[in-house]
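> here is my input; please provide its structure:
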Amino acid sequence: MERRNFLLGAAAGTVALGLGACSSDETNLTEATDSTAAPPTVAPFDRTPFTLGVASGDPDSGSVVLWTRLALEPLAGGGMQGDVPVQWEVATDDSFDDIVASGTEPAIPRYGHSVHVIADGLEPATRYRYRFQAGAQTSAVGMTRTAPADDAPPDTWKLGVASCQDYQDGFYNAWRDVAATDLDLMIFLGDYIYEYGPAPLGPTVNRQHNSDEITDLVGYRNRYALYKGDPLLQAAHARCPWVVVWDDHEVENNYADSTPEDPGETAGFEERRAAAYQAWWEHQPVRFGPPADGELTIYRALRWGTLANLVMLDTRQYRTDQACGDQVLQLTTPACAEVTAPGRTLLGTEQETWLFEQLDGSDTAWNVIGNQVVMTDLRVGPVVLNFDQWDGYPEARQRLLGHLDSEGITNCVVLTGDIHLGGVGDLNLETASGAKTVATEFVGTSISSGGLIPESLEDTARSLLTDVKYFNARQRGWLRCEVTATEWTAEYRVVQDNHIDGSPLMADGTFTVTPDRPGAVVS
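Numbering: from 1, shown residues only. Next up is the predicted model:
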């Protein structure tokens, strides 16, 4: 059995994904460490270095990415010295009697002693166990699975959708629910960490960040360590493979490309963004190498047999700066002329072209878009409530929805995070004869991040947003989906009270959509 195992941290440049379809950058991944180099050495550990858990991600039909990061002192830079050899194993059974892939990789200081391994030579549509070892210490065991073969018609696809897990806004009750659920894949749509400094403890702040606002690599690493130290998040990562993209808080709130939220902080922002991108890469199970020159191509596609082509977008790195001073909830102010200026983009020309090619070339039952910011039209007359969303880029939205319509693509489902509310929306194309529904959007609520709409305005918002079929801004949770070739079922799982550790979850709404008729219905 051929077993390629390599440290993606050694890869030079941005690397494309081989997941049924890949991003436009075609740099090859680096092979195993040069066998002529002196082997790394490691002193015996008197305690576990696997404090941040294990994870897997970006599966294809024959391989999956395995991840861990060694950190003896996770909140103080990691506390590791030198290169450390890390052994890894993949087995078909809990006791690891049937090991089907294994190898050794060095965890190196340059990338925070993180390890990214592609375990390949695996069987399609198969569940596996994996673990790591450093010195005499062994990690927790993770569960993962490969995707079906490209031409295989799976009966179902069970996936979760989540985003926005501010550590200070509540407990990770939703991750406990995820860890107890049988899933094929978890899609995470951004805001994995938040960059802010500590908030005062109080009724809605049960725990605090571990430093002032983070701006450098050490700060970002320590913030990821704080989040990844949560046992419920670790359990959810160990339950199934993930596909992860970032949004804004992995760097800074509402940044756009190289423009910070506060124009007065432009000096030094590119260095901050580069540090944030590296820390994100170091802590996620992704199938590409680290940032090069402060940039990282993360948009990519994953195929799930004949059932779905999943396209994951990046709506931060290439966008035009937000229009109209990036106002939020200015209910009496019509949009300024800038918002409709020609050429404004949310995806950038290259990514948008790639997205259209993915949609056009797909032969699966479903086209699925993993997207960070709300695409459904939430304008109230001439008023744009949030210029950071697709509402602030109407020309770009019209191009995408128009492409779906002109190409007769009726099987598109958009999965969205960012806004800290649960919502189901019709994606309507503006035509000369009126609005035409061309796709469906499921907006997952947040894991913990607080609602952005006050409860006092929730009923008003629900009555004004005519394209929205479900609206819950009060409760946190996640979205559980079960997909067949003929029906997509989405269930909103919400926490009763996320400021109580251990608060139960319940189903709050279930919706279905079919691939031949855009628009969800209550089931």
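> quick one, phi/psi of Ile419?
Main-chain torsions, Ile419, degrees, to the nearest 10: phi -90, psi 0.
> and if you look at Pro198?
Dihedral angles of Pro198 (phi, psi; degrees, to the nearest 10) stand at phi -70, psi 140.
> got the contact list for it?
Contact analysis of Pro198 by C-beta atoms under 8 Å, 6 or more residues apart in numbering lists 168, 208-212. Quick note: C-beta positions are derived from backbone N, CA and C, even for glycine.
> for ChimeraX, what selects the buried ones among the residues you listed?
A single ChimeraX command selects the buried members of the contacts of Pro198 (16 or more other C-beta atoms under 10 Å):
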select :168,209,210
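> can I get the contacts of Pro198 in CSV including distance to Leu355 and pLDDT?
Output for the contacts of Pro198, formatted as CSV (distance: C-beta to C-beta, whole Å; pLDDT from 0 to 100):
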residue, distance to Leu355, pLDDT
Gln168, 34, 98
Gln208, 39, 97
His209, 35, 98
Asn210, 37, 97
Ser211, 37, 98
Asp212, 38, 98
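> ok, the residue nearest to Tyr172 when sequence neighbours are not counted to Trp478 distance?
Nearest residue to Tyr172 in three dimensions, chain neighbours excluded: Leu232, at 4.2 Å (C-beta to C-beta, 6 or more residues apart in numbering). Per C-beta to C-beta, to the nearest Å, Leu232 is found 12 Å from Trp478.
> who has more neighbours, the two?
Legend: neighbour count by other C-beta atoms under 10 Å for Leu232 and Trp478, higher for Trp478 (27 against 18).
> please name the bridge partners of the more buried one.
Trp478 has these beta-bridge partners by DSSP bridges: Arg493.
> what of Gln133?
Judged by DSSP bridges, the bridge partners of Gln133 are Gln87, Thr138.
> just Trp67 next, same as before
With DSSP bridges as the criterion, Trp67 is bridged to Ala55, His116.
> from Ser61, how far out is it?
Trp67 is 20 Å from Ser61, by C-beta to C-beta.
> so these two - more neighbours on which side?
Set Trp67 next to Ser61 and count neighbours by other C-beta under 10 Å: Trp67 wins out with 26 against 21.
> need the pLDDT of that one.
At Trp67, the pLDDT value in this model is 99.
> just list whatever residues bridge to Thr431.
As assigned using DSSP bridges, the partners bridged with Thr431 are Gly434.
> and for it, the neighbour number?
12.
> now Arg47
Counted with other C-beta under 10 Å, the neighbours of Arg47 add up to 8.
> give me the nearest residue to it, chain neighbours excluded.
Sequence neighbours aside, Leu72 is the residue nearest to Arg47 in space, at 6.8 Å (criterion: C-beta to C-beta, 6+ apart).
> ok, Asp314 next?
Counting by C-beta to C-beta, 6+ apart, the residue nearest Asp314 is Tyr299, at 4.6 Å.
> wait, that neighbour sits on Arg316?
No: Tyr299 lies out of contact with Arg316 (C-beta atoms under 8 Å); the separation is 10.7 Å.
> just how off-centre is stretch 193-211 within its chain?
For stretch 193-211, the gap between its own C-alpha mean and the chain's C-alpha mean amounts to 22 Å (C-alpha atoms, centre = their mean, to the nearest Å).
> ends of it, what's the gap?
By C-alpha to C-alpha, to the nearest Å, the extent of stretch 193-211 from end to end equals 13 Å.
> and Leu347, what does it touch?
When the contact criterion is C-beta under 8 Å, 6+ apart, the partners of Leu347 are 313-315, 318-319, 355, 396.
> out of the residues you listed, who's the most crowded?
When neighbours are counted by other C-beta under 10 Å, Thr315 leads the contacts of Leu347 with 30 neighbours.
> may I ask which helix or strand encompasses that one?
According to DSSP states H and E, Thr315 maps onto no helix or strand at all.
> repeat that for Leu226.
According to DSSP H and E, Leu226 maps onto helix 217-228.
> now do the SS call for Asp508.
State at Asp508, reduced to three classes by DSSP: H, G, I helix; E, B strand; the rest coil: strand.
> assess the claim that it and Val494 are in contact.
Yes: using C-beta under 8 Å, Asp508 makes contact with Val494 at a distance of 4.5 Å.
> what ranges do the strands span in the stretch 351-500 of the chain?
For the stretch 351-500 of the chain, the strands defined by DSSP state E, counting those that start in this stretch cover 366-371, 412-416, 422-431, 434-443, 468-472, 477-483, 488-495.
> starting at the chain centroid, how far to the last one?
The chain centre lies 18 Å from the centre of strand 488-495; the measure is C-alpha atoms, centre = their mean.
> which parts of the protein are helices?
Residue ranges of the helices in the chain, as given by DSSP state H, are 173-179, 217-228, 231-239, 269-282, 349-361, 394-406, 455-464.
> and for Leu465, the neighbour number?
Using other C-beta under 10 Å: Leu465 sits among 18 other residues.
> i'd like the first residue to be 461 from this point on
Shifting the count to begin at 461 puts that one at Leu925.
> which residues touch it?
With contact set as C-beta under 8 Å, 6+ apart, Leu925 has these partners: 836, 838, 840, 931.
> next one: Gly620
638, 641, 643, 645-647, 938-941.
> ok, Asp690 next?
627, 632, 635.
> out of those, which is nearest to Ala950?
Closest approach between the contacts of Asp690 and Ala950, by C-beta to C-beta: Trp635, at 18.9 Å.
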